[in-house]
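Peer 1: My questions concern the predicted model and sequence given below.
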Amino acid sequence: MSPRHRNLDPGLLLPVLVGLILLAGLPFGTHWLREPAAARSEPLPLSFPHSKHTGHTGCAVCHHNIADNDMAGAPCIHCHKSNHPRLERNIEGEFHDFCKGCHAEKARFLGKHGPVRECSGCHKATADGFLP
Amino acid sequence: MKAPEPYLVWRDPDPSSVAEAPEALGKRDVRKWLRNAALLALLLVLVPPTPFLMSPLWLLAVATGYGAAILIGLVMLLPLRRLILWPDARISVERHKRLAEIALVLSALHTVLFLAGETLTLEYLWPSQPRFMVAGNVGLVVLASLVVTSLERIRARLFGPRVRFRPIHVSAALALVVLVAAHMAGSGIFIAHPMKTALLAIVSGALLAATLRRSKERQEPEAALRDRGAEAT
């Protein structure tokens, strides 16, 4: 062993290496980290006041299937929580990023914005919202 | 005479030799520059794009969590013998323990504030919690285990000699760093940009790699004891 490496602790090489590999994946795994560890039995109540989103948010921002003319007024969750494997996967992370991302973007430019942090800002039952 | 504390860092740089040698002074300037750059990088990680969008309670809860994370980093950095960022820093075993205990208290406060202030966070105690919360909850248990098993009586009973205790203790601390980084990146409170996540991964990785370096005590036990004797006199 060279003098340069004599100062290193060989007993810690493996745990450090494992840790470094995990940390290297961190920038690519944030979305995965936001997904639930186990399936949720009951979805949390969710308020989406439609009236507050119309006007300054284009319909197609949320209703991405508007061109297919099959919206039928169904809440997003009805499709995205269906058994379709592509839609169901990563849905919690995707919805959080989608809603909070849009709110934070508006807040960044000091515009009127929706909740960006507090859970209860969105996850509550209200008359003008919907319960999925 | 009171026995000196068992220092994890045994030798301080000699100030007179630094003053006499111009190249040593240059090195010290570089070290200061590196330290300032590291602090600036840390600030860039911490400063959120939208700082005042949360309630004071949320801000306090988040601040306690970040305080705990910074303390965990310091607890791991300070025992290192040759420090780049703080060359004059040294810490005793007792202070190492006290800092870790404060980190545990801050982590517990972080948890309690969220549970009390935002009742929906009770969801994070169920199996359906997000994976970043699994990292956070397991991290809290690991930190508590590190602190409790470091208590002299418990350590002696569970591990016997220090030689058996240290690899397990350090490995658990390494796991804690990864768990804390995953928790911070996943929660996306302040680390809400891929560049910030990458910076967090680099800082955490540097912390892991730094622990590979042996302390002087374990490299040259006799020299370390000699230094300690010199300090006592």
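Peer 2: Looks like it came in fine. The shown structure was predicted, so the numbers you read here are calculated from the model rather than taken from an experiment.
Peer 1: Give me the nearest residue to residue A:76, chain neighbours excluded.
Peer 2: residue A:62 (6.9 Å; Cβ to Cβ, 6 or more residues apart in numbering or on different chains). Backbone N, C-alpha and C define where each C-beta goes, glycine included.
Peer 1: does that neighbour really touch residue A:53, like I thought?
Peer 2: Yes: between residue A:62 and residue A:53 there is a contact at 7.3 Å, judged by Cβ atoms under 8 Å.
Peer 1: Need the per-residue pLDDT for residue 132.
Peer 2: No chain was given, so I picked chain A. With respect to pLDDT, residue A:132 has a value of 43.
Peer 1: ah, I was thinking of chain B
Peer 2: 94.
Peer 1: what's the distance between the residue nearest to residue A:76 and chain B?
Peer 2: Distance, residue A:62 to chain B, using Cβ to the nearest Cβ, to the nearest Å: 21 Å.
Peer 1: residues near that residue, how many?
Peer 2: 17 (other Cβ atoms under 10 Å in any protein chain shown).
Peer 1: ok, now residue B:153?
Peer 2: 7.
Peer 1: Can you verify it is assigned to a helix?
Peer 2: Yes: using DSSP: H, G, I helix; E, B strand; the rest coil, the assignment for residue B:153 is a helix.
Peer 1: How much space separates it from residue A:45?
Peer 2: 49 Å (Cβ to Cβ, to the nearest Å).
Peer 1: Quick check, central residue of chain A?
Peer 2: By Cα atoms, centre = their mean, the mean C-alpha position of chain A lies nearest to residue A:93, the distance being 2.6 Å.
Peer 1: Which residue, other than its chain neighbours, is closest to that residue?
Peer 2: Residue A:93's closest residue in space is residue A:34 (Cβ to Cβ, 6+ apart), at 3.7 Å.
Peer 1: could you list every residue that touches the one you found?
Peer 2: The neighbourhood of residue A:34, defined by Cβ atoms under 8 Å, 6 or more residues apart in numbering or on different chains, consists of A:92, A:93, A:96, A:97, B:130, B:131, B:132, B:186, B:188.
Peer 1: change it to 10 Å
Peer 2: Counting by Cβ atoms under 10 Å, 6 or more residues apart in numbering or on different chains, residue A:34 touches A:90, A:92-97, B:130-133, B:185-188.
Peer 1: And for residue B:161?
Peer 2: The contact partners of residue B:161, taken as Cβ under 10 Å, 6+ apart, are residue B:155.
Peer 1: Low-confidence ranges, chain B, go.
Peer 2: B:1-29, B:41, B:43-53, B:78-91, B:214-233 (pLDDT under 70).
Peer 1: for chain A, what spans make up the helices?
Peer 2: Here chain A has its helices, by DSSP state H, at A:3-6, A:13-24, A:30-33, A:50-53, A:59-62, A:76-80, A:85-88, A:91-108.
Peer 1: Mind giving me the packing neighbours of the fourth one?
Peer 2: The reference is to helix A:50-53. For helix A:50-53, the packing partners by 3 or more Cβ pairs under 10 Å, 6 or more residues apart in numbering or on different chains; DSSP states H and E come out as helix A:59-62.
Peer 1: Just the CA trace of the helix it packs on, in PDB.
Peer 2: Only the C-alpha atoms of helix A:59-62 are listed here, as PDB (Å, rounded to 0.1, in the frame of the first residue of the first chain):
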ATOM      1  CA  CYS A  59     -58.000  24.600 -20.300                       C
ATOM      2  CA  ALA A  60     -55.500  22.400 -22.100                       C
ATOM      3  CA  VAL A  61     -52.900  22.900 -19.300                       C
ATOM      4  CA  CYS A  62     -54.900  20.400 -17.200                       C
END
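Peer 1: in stretch B:118-135, what's buried?
Peer 2: Of the residues in stretch B:118-135, those buried by neighbour count under the rule 16 or more other Cβ atoms under 10 Å in any protein chain shown are B:118, B:120-121, B:123-124, B:128-135.
Peer 1: Using CSV, list the CA coordinates for it.
Peer 2: Backbone C-alpha positions of stretch B:118-135 (Å, rounded to 0.1, in the frame of the first residue of the first chain) are rendered in CSV as follows:
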residue,chain,number,x,y,z
GLU,B,118,-50.0,20.1,9.8
THR,B,119,-52.2,17.2,10.8
LEU,B,120,-52.1,15.7,7.3
THR,B,121,-48.5,14.8,7.9
LEU,B,122,-49.8,12.1,10.2
GLU,B,123,-50.2,10.3,6.8
TYR,B,124,-46.4,10.1,6.8
LEU,B,125,-46.6,7.6,9.6
TRP,B,126,-48.4,5.0,7.5
PRO,B,127,-46.9,2.6,5.0
SER,B,128,-48.4,4.7,2.2
GLN,B,129,-45.9,7.5,3.1
PRO,B,130,-43.7,8.7,0.3
ARG,B,131,-40.3,7.1,0.0
PHE,B,132,-38.5,10.4,1.0
MET,B,133,-40.5,10.1,4.3
VAL,B,134,-39.4,6.5,4.7
ALA,B,135,-35.8,7.9,4.4
